[in-house]
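**Student:** this is the structure alone, sequence omitted:
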């Protein structure tokens, strides 16, 4: 299932995912509760000031795409829930990572580990990389790695629910004289390959440890 959502649709969807996990007693969400969740001042980047009409339009579009549905059979107030798990059958650590990326934009693995804590407790950065790797390997991919910025140690990752477009933040603009077009695409591909190689090395090391443990049982 290939999606290309608007920024408002991503915010609405991310808010539904977050509230389902963190406050299940208040989920599904009414239009008013969802609008407030979209406009939160914490755990959001960029901050938004959406009115109910904007959220309603996003809900209508998401409903037309079968990503959201009404869930108010037993209530006089219309309430809404997302359907992402019906399409993708996410593991808990995958949807926690994707949710943070939807609500806060591109993130490093370290930032993801900290900011996803209320939704899923990652034991270490390797666990975050494992979740990112699963999301990148989906067909079509739901996450990609961005080229590492000068002076930084960690690459950042972005979701692809809005298509493979550069983030809107001004920090993502290429500096004067920087490579663009094909060269920039090559840089992204190299960065992604580096991440995949790193993941394979981690998996190999885990297999080695498991095999060593298995051998000891027969010594």
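**Tutor:** Everything's here; your move. Everything numeric in this text was worked out from a predicted model, so none of it was measured.

**Student:** which residues of this structure fall in strands?
**Tutor:** Ranges of strands in the chain, per DSSP state E, are 29-30, 68-70, 79-82, 143-145, 157-159.

**Student:** quick check: the closest residue to residue 8 other than its chain neighbours vs residue 147, distance?
**Tutor:** Distances taken as C-beta to C-beta, 6 or more residues apart in numbering put residue 58 closest to residue 8, at 4.7 Å, once the chain neighbours are dropped. Any C-beta I mention is one placed from the backbone N, CA and C, and that applies to glycine too. Going from residue 58 to residue 147 by C-beta to C-beta, to the nearest Å gives 30 Å.

**Student:** the more surrounded of these two?
**Tutor:** Taking neighbours as other C-beta atoms under 10 Å, residue 58 and residue 147 compare with residue 58 leading, 23 against 20.

**Student:** surely residue 67 touches residue 13?
**Tutor:** Yes. Between residue 67 and residue 13 there is a contact under C-beta atoms under 8 Å: 6.5 Å.

**Student:** spit out the residues that contact those two alike.
**Tutor:** Counting by C-beta atoms under 8 Å, 6 or more residues apart in numbering, the common neighbours of residue 67 and residue 13 are 82, 84.

**Student:** between these two, which has more neighbouring residues?
**Tutor:** Taking neighbours as other C-beta under 10 Å, residue 67 and residue 13 compare with residue 13 leading, 26 against 22.

**Student:** show the contacting residues for the residue nearest to residue 8.
**Tutor:** Contacts of residue 58 by C-beta under 8 Å, 6+ apart are 6, 8-9, 11-12.
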